Structure formats: C-alpha cells, structure tokens
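[1] Turn this into a model:
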Amino acid sequence: MAFPGTNRLNRPHNPPHDPPGSPGRRDDDVTRWARTGVSGPRFLLHALAGLIAAAMLLPLVYLIFRALGVGTEAFDLLFRPSTARIMANSVLLTLLVTFFSLLISLPLAWLTTRTDLPARRLWSVLTALPLVFPSYVGGYALVAMMGPRGMLQGWLEPLGIQRLPSIYGLTGAVWALTLFTYPYLLLSIRAGLRNMDPALEEAARNLGHGPWPTFRRVTLPALRPSMVAGSLLVALYVLSDFGAVSILRFNSFTRAIYIQYLSSFDRSYAALLSLVLVAITILILFAAQRAQGRQRHFYRTSVGAARVMPMAKLGRMKWPALVFSGLVVTAALILPLSVVIYWLIRGLMAGESLLPAWMATINSLRAAALAAMAAILLALPVSYLAVRFPSRYSTLVSQSVYLAYGLPGVVIALSLVFFGANYAPFLYQTLAMLIFAYVVRFLPQATGNVRTSLLQISPRLEEAARSLGASRSRTLGRITLPLLRPGILSGAALVFLATMKELPATLLLGPTGFTTLATQIWSATAEAFFARAAAPALILLAVSALSIGIILGHEEGGA
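    As a prediction, the model looks like this:
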C-alpha cells in the first residue's frame, strides 16, 4: 500500500549525468548530509522516530491481540446475522451517498468551471462551503428541522398534521451525509476539469461530434481519475462517520461498535467489529491505489502553454442551471444554518443559558491547541528523519504514522479504552489519553505539511551553518525551524480544526465532566433538546469557517 510522501511522483529524479548542484542531484545532497555529523544525535533521532511510530501503531496492534485472544469464538461472533446486517447497512450507505454525491457534483463542477453561469465564482465558493459542517451538525440540523419535535412539525400542527414521515434511518443518513460530503467530489472533479487539455474536446468537435457526444466520449472518460479519487474520499468519510449515523439512528459499523461497547460487559465483539471496519478501510485504500495506478494516460500531450477552454453558453438552460445551483446551496448551506440560528433564538427567548456552551468552547479550544502542539512536536522528528536520512527504516516509520490515518476515530478510541483500562489505568479517562488519541488520529496531517516544507529546504543551508561552526541544535533553531514555519503553521491549523470537530474519541476517552462543543451537540440532539445544541453548533461552525479561512489565506499568501 502506498502512503502519502512515498509514491514515485514525490521521489526526486537523480540521473547519473546531472551536474552537481542541479535540481536532479537532490538525492546526492541528502546523502551527503546524512553521512555527516556525529552518530549520537542520529541514533537519538532514529530511536525517537521509531518510538513515535510504535505509539501510533498501538491502537491497531492492541485490537489485533485482543481479537486473537477471543480464540475460536471469533468466528461465531463474526458470522452472526447481526454482523452481516451491519456490513450490508454500511456498504449500502456508502454506495448510495457516493452515487448521489456524484449526481450533484458532476453538473455543479461543469457549471462552475466551463459555462457562463451568472455569478460563477460566487457559486464556486458557496457550493464548497458545506465542508464547514461536521456530519453531526448536519444531522442535528436535519432532525431539528424535520424530526418529530422539529420546526416543520411545529408549523404543520395547526393544519392538523400531527406526524411527519420518520427522518431516522437510512433515508436521513443518506440525506445528511450526501449534503455534507459531496464537496469532496466537487473539488476533485473541478480540479480535473481545470487541468484537462482543451485540445481533446476541440478535436472531437472538429470531427463533427456535438456537445453531448463530446462530453460522453471525451470529457467523461478524461474525468474518470478525478471522479474515482473524489468518490473514494466520500466512501472513506461515510464508512468512518459516527456523528450523523448516531444522531439519525442508522446502524452502521461505527454506531454498532459504540453501542456494543456501552451495552456489553464482554467487549470482544466490539473489537472484532473494529477490525472488520479496519479491513474494509484498507481494502478501499488498496482499491484507490489500484484505480489510480491503472489510469495514468489522462494527461495533456500538447506542447506549450496551457490554453483556457472557452466557456459554454447556457442559453435557455441558464435559469434551470441557476435553480439547480440554488437548490443545492439552499439545502446544504442556507437551510442548515438557518435551522441552527432559529433554534438559538428560540432557546435564548426561552431563557436557555449560554454558560455551558462557553465552558465547552474553552474545553474544545484547550484540547485542540494541546493536540496541535503535540502533533507538531511529534511530526518534526518523523519528517526530519524521512527527508534528511532516507532509508528503509525511515520509510517504515513514515508509513507507520500514515497507517493510523486509515483508522476511523471510533476504532482508535475503542482500542485506547481497552488499553487504558487494562494496562494504563492511571491514564484512563484523562486529558493526556484524549490528547494522545487526537494525535494518533491527526498526526499524518501535521507530518504531511512539515515534510513538504522540509523537502523545499536545501540541506546545503544546514551544511553551510555547520561548516561555520554552528552546532546541530543551533543550526536547527536558527536555520531549519524558521524556514519550516509555514509548514508548521499549516499543519497545526489542520490538526486544530480536525480536533475541534472530533466526536467519537471525545465521547469514549474524555475525562468525567469534560464536555466539548462536539459532545454537547451530540448529547443535546440525542435528547431532542435542539435549542440547547444550537449555540455550540453555531460556535463550532464559526471556528471551523475561521480556521479554513486562515488556512486558505495562508496558502494564498505563501503562493
């Protein structure tokens, strides 16, 4: 399995005939740097990175050992009819959400990149903004609007309508997850359309093909890699989602694992379900690698500067296109935000206190800040080892860190609950254990940013400082870390944002009485206290939007 930072496209080219100092000899620069210096610091770096990788693999290793301890009963547990139903539910949910996301994303991507749609740039931003919504906030908004005690029910009761069709189950889960995951597909297809060679479509048009045959025979096959990549992102998100399926009471893997953990004294079945979920996740990642490996021939073959594809004239289809874009933005952005604001105002008018929301905000900010700092501190030695001392060992360390990224949050949390309760009771239900879970879950985000920045720093700068008499620590503090600052800040911001929205790890590992914005939304919605959930939901949306704005602004500033 390939992991970020280990594929061939990221490996520097090093032909033997390149002159010294050329970009093609970057491997020689790294090798020369790796061979210099005292062996003591290098040994400490290797040992530290190895310990970090071992810690990141702890949840997966513990789950495997616990499952092996079940013995022959494991087969009886795995082949229960309930296990088959859970698997069927998860697969069906994943397929339906991916299918409907594709139906929404493909026309939206084409409208916002290839047509003269009025206010095209504004629609490009608005259609991508639903990414700000965590799935459980989207599920809360859906239940608060169309649930048994929701807004729509209250408006229809004077008309004699006492009960609406149930929003819970598969229908609600597909609705919520589609509306808040389709931007992953949208952004991927939009990037594919922008990068596609216009000559392909122009050649088809010159051969007499109309717009629709050209789209079907040329554009759609060329977009297949983008659609596959975006669909796999959506599938992985849906498979690992806990918040929306829990609020909408759909029995997928993550919800079944959580319920089994809470309701059973023997939690071996929960561990086995977790391993099945991990296996399915690894299969999806493997399918992604194979799908991308088979589709390497969709690239621009013409020489020279890329030309901009002329915008298609919508003509009479302009109004239907505006209606379609408006419906998607209304359903995925305006309506959920309006529901949250409505219940916030209603709660304030009823005397709902904002103090619990502020306390949860403080807890969320504190935990997210600690997780971001810890992730950056651990990402630095791992990234430095991988870039400055490339070897099989450093590659193994990097892959071990990235492997945790494929583990759903509920699996990581459950494995650490087992480990803490059995072998580290002094850490069980402490803030330290919770921060560790966050780091295991999101360390790859920090490592990826730090590693990318480190690859852009020539080792010759560090060699020059050492040749002038600077020690390794002084070189690191005066040369390397200042140049790494953009990657460090970006990685910390990503980990901070992801930690703010993390739900299952906080539910299972949080200290007693430690509530965050995510857990407060989840618990209030589970009891149908929609007004109580409104304030933390709005605060979380504001922090998420601000964090994404800072990240995007930092990227544009760096560009």
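[2] Next, count neighbours for the residue lying closest to Leu186 once chain neighbours are set aside.
    Nearest residue to Leu186, sequence neighbours excluded (CB to CB, 6 or more residues apart in numbering): Ser105, at 4.1 Å. To be clear about C-beta, it is placed using only N, CA and C from the backbone, and glycine gets the same treatment. The tally of other residues near Ser105 (other CB atoms under 10 Å) stands at 27.
[3] oh, and call the first residue 10 from now on, that's how I've got it
    I'll keep to 10 as the first residue from here, and by that count the last item is Ser114.
[4] tell me which element Ser114 is part of?
    Taking DSSP states H and E as the definition, Ser114 sits inside helix 90-123.
[5] Any idea how far that helix is from the middle of the chain?
    16 Å (CA atoms, centre = their mean, to the nearest Å).
[6] same question for that helix, mean pLDDT?
    Averaged across helix 90-123, the pLDDT comes to 90.
[7] now stretch 431-450
    Computed over stretch 431-450, the average pLDDT equals 89.
[8] again, but for stretch 418-427
    Stretch 418-427 comes out at a mean pLDDT of 84.
[9] How about exporting that stretch as CSV, limited to the C-alpha atoms?
    What follows is stretch 418-427 as a C-alpha-only set of coordinates in CSV (Å, rounded to 0.1, in the frame of the first residue of the first chain):
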residue,chain,number,x,y,z
GLY,A,418,-11.9,7.7,15.1
VAL,A,419,-14.2,5.2,16.9
VAL,A,420,-11.7,2.4,16.3
ILE,A,421,-8.8,4.4,17.7
ALA,A,422,-10.9,5.5,20.7
LEU,A,423,-12.1,2.0,21.5
SER,A,424,-8.6,0.4,21.3
LEU,A,425,-7.3,3.1,23.7
VAL,A,426,-10.2,2.5,26.1
PHE,A,427,-9.2,-1.2,26.1
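[10] Find out how far it is from the centre of the chain, if you would.
    Distance of stretch 418-427 from the chain centroid (CA atoms, centre = their mean) equals 18 Å.
[11] Enumerate the positions of it that are buried.
    418-427 (16 or more other CB atoms under 10 Å).
[12] And for it, what's in contact with it?
    Contacts to stretch 418-427, defined as CB atoms under 8 Å, 6 or more residues apart in numbering, come from residues 67-69, 71-72, 75, 249, 251, 263, 266-267, 270, 276, 279-280, 283, 286-287, 413, 437, 442, 445-446, 449-450, 511-514, 516-518.
[13] same question, stretch 262-278
    75-76, 78-79, 82-83, 86, 91, 95-96, 99, 248-251, 254-255, 258, 260, 279, 282-283, 285-286, 289, 417, 419-420, 423, 426-427, 513, 516-517.
[14] And it, what's buried?
    262-267, 269-270, 276-278.
[15] Using PDB, write out every CA atom in it.
    Extracted C-alpha coordinates of stretch 262-278, given in PDB (Å, rounded to 0.1, in the frame of the first residue of the first chain):
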ATOM      1  CA  PHE A 262     -20.300  -0.100  11.800                       C
ATOM      2  CA  THR A 263     -19.400   2.900  13.800                       C
ATOM      3  CA  ARG A 264     -22.700   3.100  15.700                       C
ATOM      4  CA  ALA A 265     -22.800  -0.600  16.200                       C
ATOM      5  CA  ILE A 266     -19.300  -0.600  17.700                       C
ATOM      6  CA  TYR A 267     -20.200   2.300  20.100                       C
ATOM      7  CA  ILE A 268     -23.500   0.600  21.200                       C
ATOM      8  CA  GLN A 269     -21.700  -2.700  21.700                       C
ATOM      9  CA  TYR A 270     -19.000  -1.000  23.800                       C
ATOM     10  CA  LEU A 271     -21.600   0.700  26.000                       C
ATOM     11  CA  SER A 272     -24.100  -2.200  26.400                       C
ATOM     12  CA  SER A 273     -21.900  -5.300  26.900                       C
ATOM     13  CA  PHE A 274     -19.600  -6.400  29.600                       C
ATOM     14  CA  ASP A 275     -17.600  -8.600  27.100                       C
ATOM     15  CA  ARG A 276     -16.400  -6.100  24.600                       C
ATOM     16  CA  SER A 277     -14.600  -8.600  22.300                       C
ATOM     17  CA  TYR A 278     -17.400  -8.300  19.700                       C
END
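[16] my guess is Leu151 contacts Thr187, does it?
    No - Leu151 lies out of contact with Thr187 (CB atoms under 8 Å); the separation is 11.0 Å.
[17] returning to what we had before: name the next helix or strand downstream of the helix holding Ser114, please.
    With DSSP H and E, the next secondary element past helix 90-123 is helix 129-137.
[18] That next one packs against which elements?
    Counting contacts by 3 or more CB pairs under 8 Å, 6 or more residues apart in numbering; DSSP states H and E, helix 129-137 packs against helix 90-123, helix 179-204, helix 327-338.
[19] Of all the ones you listed, which one is nearest Leu506?
    helix 179-204 (15.1 Å; CB to CB).
[20] Now do that closest one: which elements does it pack against?
    Short answer (3+ CB pairs under 8 Å, 6+ apart): helix 179-204 packs on helix 90-123, helix 129-137, helix 144-155, helix 233-249, helix 252-256.
[21] repeat that for 6 Å
    Contact partners of helix 179-204 among helices and strands, from 3 or more CB pairs under 6 Å, 6 or more residues apart in numbering; DSSP states H and E: helix 90-123, helix 144-155, helix 233-249, helix 252-256.
[22] And that helix, what's buried?
    Judged by neighbour count using 16+ other CB under 10 Å, the buried positions of helix 179-204 are 179, 181-199, 201-202.
[23] Then stretch 282-289?
    For stretch 282-289, a neighbour-count test (16+ other CB under 10 Å) marks 282-287, 289 as buried.
[24] Show me these that map onto helices.
    282-287, 289 (DSSP state H).
[25] Contact partners for Glu443?
    Quick fix: residue 443 is Leu, not Glu. Leu443 makes contact with 518-519, according to CB atoms under 6 Å, 6 or more residues apart in numbering.
[26] where's it, which helix or strand?
    For Leu443, the host element (DSSP H and E) is helix 440-464.
[27] need the buried residues of stretch 282-289 in CSV with pLDDT and distance to Thr339, can you?
    Listed next are those as CSV, based on pLDDT from 0 to 100; distance: CB to CB, whole Å:
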residue, pLDDT, distance to Thr339
Leu282, 82, 38
Ser283, 81, 38
Leu284, 82, 41
Val285, 83, 38
Leu286, 82, 34
Val287, 80, 38
Ile289, 82, 34
